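**Q** what's the 3D shape of this:
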Amino acid sequence: MSVMLTEKAASEVKKIIIDQKLDQATVLRVGVAGGGCSGFQYSLGFDTAWDPKADSKTQQHGVDVVVDKKSDLFLDGTTLDFHEGIDKRGFTFVNPNAKKSCGCGSSFQA
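**A** The predicted structure is shown next:
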């Protein structure tokens, strides 16, 4: 399994789906794109379509998580969590494959 979703992150995803009245077939799409200050940038969004030939899909804590197979290589073992505190609020990636990351936490080098 490439990306592991914590219960806290799953709870926040479910809340967003309900609050934004998204389709019940909505999945959480996690990926990697070129760019960012460190070379690669995390992508996180909602989708209603996925391709079993190009994507892997898991269900974690009641949330369907989809990762395209190219991103799988860079995200294997990554934990997606949700942080809420005085200093920041949002989803965080803990990626054991990242050799270097930027201060904002949204880009990395593998």
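**Q** Which residue comes closest to residue 70 once chain neighbours are left out?
**A** Leaving aside its sequence neighbours, residue 70 sits nearest to residue 32 (CB to CB, 6 or more residues apart in numbering; 7.6 Å). Glycine gets a C-beta too; all of them are placed from N, C-alpha and C.
**Q** who's in contact with the strand or helix carrying that neighbour?
**A** If you go by DSSP states H and E, residue 32 is part of strand 27-34. Contact with strand 27-34 is made by 3, 5, 13, 40-48, 50, 57, 63-68, 70-71, 74-75, 80, as judged by CB atoms under 8 Å, 6 or more residues apart in numbering.
**Q** quick check: angle from the longest helix anywhere in the chain to strand 27-34?
**A** Across the chain, the helix with the greatest residue count (assigned by DSSP state H) is helix 7-19. Inter-element angle recorded for helix 7-19 and strand 27-34: 110 degrees (by axes from the mean of the first three to the mean of the last three CA atoms, to 10 degrees).
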